[in-house]
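Undergrad: just coords:
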């Protein structure tokens, strides 16, 4: 696993990472994006709560893949990271909308599974973000 960033970027709350900070990692998406360090690091960073950073390194993996289950699966992971970021930004409605998009995409992506992750990893991550967003939404009422 690549070293984790010094901090998680959260728009409006923390400083943005320097331009090009993840370029070396992003470049690993080619020529074999599903075996790339960018993909495995992106998944590790989702686990660790570095949602913006995960999106940054997963995007070139998505762009390098042809249409199909793997590309849709990576898109689902990007939306999962986006949902986590929106939850951290205390935007529960956006987080829940993105959770729904991520869930729909992972259903479309079957039989894609995140590399080196146990069965059910995606669902567990998705439900944790969804529960947090629902708690925020309910406490705001």
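TA: Yep, it's here. Fair warning: this is a prediction, and the values are worked out from it, not measured in the lab.

Undergrad: Show me the shaky parts of this protein.
TA: Applying pLDDT under 70 to the chain flags residues 1, 141.

Undergrad: For the residue most central in space within it, give its distance to residue 140.
TA: A centroid search over the chain (CA atoms, centre = their mean) returns residue 81, at 2.7 Å, as the residue closest to the centre. Applying CB to CB, to the nearest Å, the value for residue 81 to residue 140 is 23 Å. Bear in mind the C-beta positions are built from the backbone N, C-alpha and C, glycine included.

Undergrad: Any buried residues in the strand or helix carrying residue 83, and which?
TA: Counting by DSSP states H and E, the element that carries residue 83 is helix 69-88. By neighbour count on 16 or more other CB atoms under 10 Å, the buried set for helix 69-88 is 70-88.

Undergrad: list the helices and strands that helix packs on?
TA: Counting contacts by 3 or more CB pairs under 8 Å, 6 or more residues apart in numbering; DSSP states H and E, helix 69-88 packs against helix 37-48, helix 51-64, helix 92-108, helix 121-139.

Undergrad: Now do the third one: which elements does it pack against?
TA: Contacts of helix 92-108 with other secondary structure elements, assessed using 3+ CB pairs under 8 Å, 6+ apart, are made with helix 69-88, helix 121-139.

Undergrad: could I get those as JSON lines with distance to residue 26?
TA: What follows is the helices and strands packed on helix 92-108, written out as JSON lines (distance: least, CB to CB, whole Å):
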{"stretch": "helix 69-88", "distance to residue 26": "13"}
{"stretch": "helix 121-139", "distance to residue 26": "22"}
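
Undergrad: Residue 38 reaches residue 32, doesn't it?
TA: No. Residue 38 lies out of contact with residue 32 (CB atoms under 8 Å); the separation is 10.6 Å.

Undergrad: joint contacts of those two?
TA: Shared contacts of residue 38 and residue 32 (CB atoms under 8 Å, 6 or more residues apart in numbering): none.

Undergrad: When these two are compared, which one has more neighbours?
TA: A side-by-side neighbour count of residue 38 and residue 32, using other CB atoms under 10 Å, places residue 38 first with 25 against 10.

Undergrad: and the more buried one, how far is that from residue 58?
TA: To residue 58, residue 38 is 7 Å away according to CB to CB.
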